[in-house]
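Visitor: Need the 3D shape of this:
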Amino acid sequence: MRIRTKFLAVLLVELISFMALSGLSVATFAKVRQMKTVVENGTLLIARSRRVYSLLKDVVFDLFTPDSYQALRSVVLAPRSLVTGKEFAHETGLFRDEYAAFMGDATIADILARDKELSSAYQTAAPLADLAFVKFERLSVLFERARELSPSEDRDLYMLIQESKDESLYGIFGAIRDSSFYLNNIFESFLNRFVHGIRLEAERLEKAATFGFAAAVIFLGALTVLVVFLLTSGILASIRNLESAIGKVAEGEFSVHVPIRSKDELGALGLAFQRLADDLKKNVESIPSILKDVNEALPEDPSTETIFEILSDALLREGGARCVQVLLRSGNDLRMAAKSGFDPTPSWTKGTLRPMTDFAAILPSPNASFFVKDLTAGGFNLSSLELGTSVVSLLLVPMTVRRKSAGWFLFARDDRSFTDLEYSRLTAIADYAAQVLDSVEVHAALAARRDAGFEALQAQIQPHFLYNVLTSLMALNRMGESKKLEAAVIALKDMLRYNLQHDQWASVSEEFAFLGKYCKLQKLRHGERFDFLFSTDGRADGERIPKLIVQPLVENALIHGLEPKLGHGTLSVEARIEGGRLMLSVHDDGVGCDEARLQSLADSLSLHERVGLGNVKKRLDLLYKDARMDLSSPPGGGFSATIELPIEEGRV
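Guide: You can find the predicted model right below:
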């Protein structure tokens with residue numbers, strides 16, 4: 001929900017609540033006003049009751065004490081009894097109608113339904129009121145008959161009634177008494193009590209409505225403040241989180257996480273910045289990732305085409321494009337060396353050539369780049385490229401190898417346009433990919449030179465090896481040992497076959513088999529004078545080592561350790577894996593050397609007396625990063641040479 005929508009929602013809720021509260025208050029105060037109107041009507045009704053009672057007294061005094069009335073007429077201006085009698089009849093009629101209208105009011109009915117005490121009083125007074133109105137009508141009739149009995153005002157009406165034979169007139173005195181009772185005790189008392197009860201109820205309801213309205217206004221105000229505080233707190237927290245993330249990115253820390261607290265504009269901004277940080281991190285990590293992918297995918301001896309395929313696949317995974325093509329210059333043509341992803345040029349198959357003139361319009365120079373952010377916008381004549389209709393965005397980056405233009409990398413998308421960040425990343429990783437290709441060529445040249453040097457060093461071993469073997473054969477020939485000579489020739493043939501194999505590498509078991517034949521040949525020459533022992537821990541048998549790397553050690557042990565020794569000698573060769581490294585040890589119990597001589601040999605490795613050790617050390621330095629060769633000679637004789645190789649290190 002958008003921030004503006006949240007505040008509008010709060011405002012709308014507050015407005016609706018205030019309107020509802022106002023409506024309820026208006027209804028309540030309207031009801032209070034109705035009750036006050038009933039109180040006013042009741043007060044008027046009480047006044048009407050008192051007027052009827054006053055008229056009753058006037059009529060009585062006028063009829064029965066005319067002398068007193070005549071004496072007081074000059075003091076109290078009052079109409080005659082005839083007029084008063086008519087007014088009494090009229091007022092009692094009005095009083096009856098007003099009383100019926102008052103008690104029939106809907107507000108009175110509602111009050112009676114809620115107030116049991118007033119309802120009980122009403123139930124008691126209602127039949128008496130009906131009886132009173134009957135009495136009032138009868139009294140009005142009696143007043144008329146009494147006036148007919150004594151038309152003269154000078155006669156004593158009381159005596160006339162007593163003398164009259166009309167017995168119905170006798171009831172006029174009881175009717176006057178009853179009417180006075182009803183007016184004074186029933187109507188006056190009941191109406192006063194009823195009006196007072198309604199007034200109290202109206203005041204209570206008015207106070208409750210006033211207090212409720214004030215409390216509701218205070219509650220709504222506090223609720224509004226709380227909601228606004230929570231909203232603004234969330235907004236400020238989101239801003240602080242975003243500010244912290246921006247600060248970290250500005251310092252170069254791209255592995256940031258922006259907490260998304262809401263789905264409003266700040267949440268959308270946080271998500272957008274998170275995508276930006278992720279893209280920046282991907283942009284920074286793309287080059288190391290490409291290096292890792294290429295290194296993991298490259299075989300031991302990759303061809304150029306394989307390198308291009310691996311490189312295009314790595315660029316597709318890490319660059320953010322949907323298509324990667326490697327276009328190599330070949331004279332005046334371009335060759336499609338590799339392609340990955342969707343195919344923007346379906347008419348141009350891998351390995352085929354296209355003339356450079358097809359690209360002349362967009363690539364005016366060999367080192368030029370070409371970028372079209374949105375092909376759908378039109379304005380570009382790319383018909384010579386024969387692009388597919390699905391291509392949306394296109395980028396060509398030059399490929400420079402050995403300081404020369406070697407071609408271009410083509411990147412394309414078919415779903416959307418490249419962003420500026422993707423353009424920057426693709427340009428950077430394309431330059432890096434060109435450097436990788438440049439390094440591959442340099443490495444190939446260096447590897448060729450290294451192999452040539454290694455083979456030259458390995459060839460140095462051959463004369464020494466053949467010289468010693470031929471010396472042994474000549475010794476057997478002089479001794480007339482024809483059978484031993486034949487066996488020695490067969491062994492020499494096998495060893496020469498092993499030497500002539502083009503592979504520079506052999507397993508430990510293959511090297512030990514060769515050494516076994518070499519030692520067998522030496523045993524034919526020296527007889528039982530020497531013993532040869534070979535041992536491995538089993539795990540080392542399949543490890544690959546440089547061919548003829550141990551033979552010079554065995555040969556030097558024989559020539560410089562065992563042959564000068566008087567008596568029987570033993571030479572042992574061992575292969576084992578220790579601490580994650582391959583250990584190759586050659587030990588003899590020959591004459592050995594002193595400590596000073598040993599230190600000199602270890603420092604220089606220029607072993608003129610022990611031919612071949614310097615050669616071995618040089619070959620190890622060519623092939624390995626951290627191979628070691630240790631020499632030792634314990635007091636009392638004997639000599640050990642140990643080669644320590646990293647396991648599965650591969651060639652440098």
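
Visitor: show me the contacts for residue 175.
Guide: Shown in contact with residue 175 (C-beta atoms under 8 Å, 6 or more residues apart in numbering): 135, 138-139, 142. Just so you know, the C-beta spots here come from the backbone N, C-alpha and C atoms, and that holds for glycine as well.

Visitor: helix or strand for it, which one?
Guide: Using DSSP states H and E, residue 175 maps to helix 172-181.

Visitor: Distance from that helix to the middle of the chain?
Guide: Distance, stretch centre to chain centre, for helix 172-181: 95 Å (C-alpha atoms, centre = their mean, to the nearest Å).

Visitor: those strands in the stretch 201-350 of the chain, which residues are they?
Guide: Assigned by DSSP state E, counting those that start in this stretch, the strands in the stretch 201-350 of the chain fall at 323-330, 333-341.

Visitor: Out of the ones you listed, which one sits most buried?
Guide: strand 323-330 (a mean of 21; mean count of other C-beta atoms under 10 Å).

Visitor: Mean confidence (pLDDT) on it, please.
Guide: The average pLDDT for strand 323-330 rounds to 87.

Visitor: what's the spacing between residue 335 and residue 562?
Guide: Look at residue 335 and residue 562: by C-beta to C-beta, to the nearest Å, they are 62 Å apart.

Visitor: which residues sit in contact with residue 378?
Guide: So residue 378 contacts nothing (C-beta under 8 Å, 6+ apart).

Visitor: Ramachandran coordinates for it?
Guide: Per-residue torsions, residue 378: phi 80, psi -180 (degrees, to the nearest 10).

Visitor: now do residue 419
Guide: phi -80, psi 170.

Visitor: Looks like residue 36 contacts residue 201 (just checking).
Guide: No. Using C-beta atoms under 8 Å as the test, residue 36 is too far from residue 201 to be in contact (10.4 Å).

Visitor: For stretch 180-193, list every residue counted as buried.
Guide: Neighbour counts over stretch 180-193 (16 or more other C-beta atoms under 10 Å) mark 182-183, 186-187, 190-191 as buried.

Visitor: Low-confidence regions, the stretch 401-550 of the chain specifically.
Guide: 402, 436, 438-489, 491-493, 496, 499-502 (pLDDT under 70).

Visitor: Surely residue 531 and residue 571 touch.
Guide: Yes. Residue 531 lies in contact with residue 571 (C-beta under 8 Å); the separation is 7.3 Å.

Visitor: ok, which stretches of the stretch 301-450 of the chain are helices?
Guide: 304-319, 420-478 (DSSP state H, counting those that start in this stretch).

Visitor: hmm, I was thinking of the stretch 101-250 of the chain
Guide: Under DSSP H, counting those that start in this stretch, the stretch 101-250 of the chain gives helices at 106-114, 116-149, 157-163, 172-181, 188-250.

Visitor: Give me the domain ranges for the protein.
Guide: 29-208, 289-437, 481-646 (automatic domain parsing).

Visitor: Tabulate these in JSON lines, adding columns for distance to residue 281.
Guide: Formatted as JSON lines, the domains of the chain follow (distance: least, C-beta to C-beta, whole Å):
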{"stretch": "domain 29-208", "distance to residue 281": "65"}
{"stretch": "domain 289-437", "distance to residue 281": "11"}
{"stretch": "domain 481-646", "distance to residue 281": "31"}
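
Visitor: between those, which has the poorest average model confidence?
Guide: Among the domains of the chain, domain 29-208 scores lowest, with a mean of 76.

Visitor: tell me which residues in stretch 234-251 are buried?
Guide: 234-235, 238, 241-242, 245, 248-249.

Visitor: Revised request: answer the last question for stretch 201-213.
Guide: Quick answer for stretch 201-213 (16+ other C-beta under 10 Å): 201-202, 206, 209, 213.

Visitor: just how off-centre is it within its chain?
Guide: Centre to centre, stretch against its chain (C-alpha atoms, centre = their mean), the figure for stretch 201-213 is 53 Å.

Visitor: who's in contact with it?
Guide: Contacts for stretch 201-213 (C-beta under 8 Å, 6+ apart): 21, 25, 28-29, 31-32, 35-36, 39, 111, 115.

Visitor: Got a quick PyMOL command for the buried subset of those residues?
Guide: Burial among these is assessed by 16+ other C-beta under 10 Å; the matching PyMOL selection reads:
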select buried, resi 21+25+28+31+32+35+36+39+111+115
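
Visitor: Filter the contacts of stretch 201-213 down to the ones in helices?
Guide: The helices, defined by DSSP state H, take in 21, 25, 28-29, 31-32, 35-36, 39, 111 from the contacts of stretch 201-213.

Visitor: Looking at the domains of the chain, spot the one closest to residue 6.
Guide: domain 289-437 (31.3 Å; C-beta to C-beta).

Visitor: follow-up on the earlier one: can you put the helices of the stretch 101-250 of the chain in CSV and add distance to residue 406?
Guide: Formatted as CSV, these follow (distance: least, C-beta to C-beta, whole Å):
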stretch, distance to residue 406
helix 106-114, 100
helix 116-149, 107
helix 157-163, 147
helix 172-181, 131
helix 188-250, 36
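
Visitor: Out of those helices, which is closest to residue 363?
Guide: Closest among the helices of the stretch 101-250 of the chain, using C-beta to C-beta: helix 188-250, at 36.0 Å.

Visitor: Between helix 116-149 and that closest one, find me the angle.
Guide: Relative orientation of helix 188-250 and helix 116-149, computed by axes from the mean of the first three to the mean of the last three C-alpha atoms, to 10 degrees: 150 degrees.

Visitor: Kindly calculate the angle that helix 188-250 makes with helix 106-114.
Guide: 90 degrees.

Visitor: now helix 188-250: how far from the chain's centre is it?
Guide: Distance, centroid of helix 188-250 to centroid of chain: 37 Å (C-alpha atoms, centre = their mean).

Visitor: cool, stretch 323-333 as well?
Guide: With C-alpha atoms, centre = their mean as the basis, the mean position of stretch 323-333 lies at 42 Å from the chain mean.

Visitor: Could you export stretch 94-114 as PDB, CA atoms only?
Guide: Provided in PDB are the C-alpha atoms of stretch 94-114 (Å, rounded to 0.1, in the frame of the first residue of the first chain):
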ATOM      1  CA  LEU A  94     -58.600  21.400  26.400                       C
ATOM      2  CA  PHE A  95     -57.000  19.900  29.400                       C
ATOM      3  CA  ARG A  96     -58.400  16.500  28.400                       C
ATOM      4  CA  ASP A  97     -57.100  16.700  24.900                       C
ATOM      5  CA  GLU A  98     -53.700  18.000  25.900                       C
ATOM      6  CA  TYR A  99     -53.300  15.300  28.600                       C
ATOM      7  CA  ALA A 100     -54.200  12.600  26.000                       C
ATOM      8  CA  ALA A 101     -51.700  14.100  23.500                       C
ATOM      9  CA  PHE A 102     -49.000  14.300  26.200                       C
ATOM     10  CA  MET A 103     -49.400  10.700  27.400                       C
ATOM     11  CA  GLY A 104     -49.600   9.500  23.800                       C
ATOM     12  CA  ASP A 105     -46.300  11.000  22.800                       C
ATOM     13  CA  ALA A 106     -43.800   8.500  21.500                       C
ATOM     14  CA  THR A 107     -41.100   9.900  23.800                       C
ATOM     15  CA  ILE A 108     -43.400   9.200  26.800                       C
ATOM     16  CA  ALA A 109     -44.000   5.700  25.500                       C
ATOM     17  CA  ASP A 110     -40.200   5.200  25.200                       C
ATOM     18  CA  ILE A 111     -39.500   6.500  28.700                       C
ATOM     19  CA  LEU A 112     -42.300   4.400  30.200                       C
ATOM     20  CA  ALA A 113     -40.800   1.300  28.500                       C
ATOM     21  CA  ARG A 114     -37.400   2.000  30.100                       C
END
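
Visitor: got the contact list for residue 539?
Guide: Neighbours of residue 539 in contact, by C-beta under 8 Å, 6+ apart: 576-577.

Visitor: Secondary structure class of it, three-state.
Guide: coil (DSSP: H, G, I helix; E, B strand; the rest coil).
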